[in-house]
Structure formats: structure tokens, C-alpha cells
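Engineer: missing the sequence, but the structure's below:
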């Protein structure tokens, strides 16, 4: 025997439909968030790799400039000493004021 009134049955079916729709929306949001997470993770990895490449290039460039500077100092030590002294004098003069 079914003691439920038509109104109660309608409420239950509406509740079940809403519950099912909420479940579908939840699954859809879960899928989209996982997809977005993966895209973000891939982009972050790509940016990290690109950054590491740029750091490597900068290190190589600094090493090259450093080697050139050392070579120049070895070739003309007196000139290098006078330039360094002049720069030091100028900086100390500027910083005193």
C-alpha cells in the first residue's frame, strides 16, 4: 500500500531529479577543474624550463664577460688598476655628498 500523497511523490521525484542534476554538475566541475589543473601544471613546467634555459644563457654570458675582463686585466694590468682606482675615487666622492 502506498501511503504517499501525489504531492509527496512529486516532491520526492523533484528531489531525486535535483540530486541527479547536482551530481552531473559536480562531475562536470570536477572534470573541468582537473583539466584546468593539468593545463596550469603544464604551463608552469614550460615556464620553469624556459626560465632555466634563460638562467643558463645568462650564466654563460656572465662567464664569457668575466673571462674577457680577466684577459684584459692580464694584458694591461696598469691600465686596469688606474681605471679601478678612478672609479673608486669617483664613487667615494659621490657618496660623501
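Structural biologist: Looks like it arrived, so ask away. Everything numeric in this text was worked out from a predicted model, so none of it was measured. Residues are numbered from 1 along each chain as shown.
Engineer: against residue 47, how distant is residue 54?
Structural biologist: For residue 54, the distance to residue 47 equals 10 Å [C-beta to C-beta, to the nearest Å]. Heads up, the C-betas are built off the backbone N, CA and C, glycines and all.
Engineer: mind giving me the packing neighbours of the helix or strand of the chain with the lowest mean pLDDT?
Structural biologist: Of the helices and strands making up the chain, the lowest-confidence element is helix 6-75, at a mean of 91, by mean pLDDT, DSSP states H and E. Helices and strands touching helix 6-75, by 3 or more C-beta pairs under 8 Å, 6 or more residues apart in numbering; DSSP states H and E: there are none.
Engineer: beyond that helix, next helix or strand please.
Structural biologist: The element immediately downstream of helix 6-75 (helix or strand, assigned by DSSP states H and E) is helix 77-96.
Engineer: now do the buried residues in that following helix.
Structural biologist: For helix 77-96, the neighbour count (16 or more other C-beta atoms under 10 Å) marks no residue as buried.
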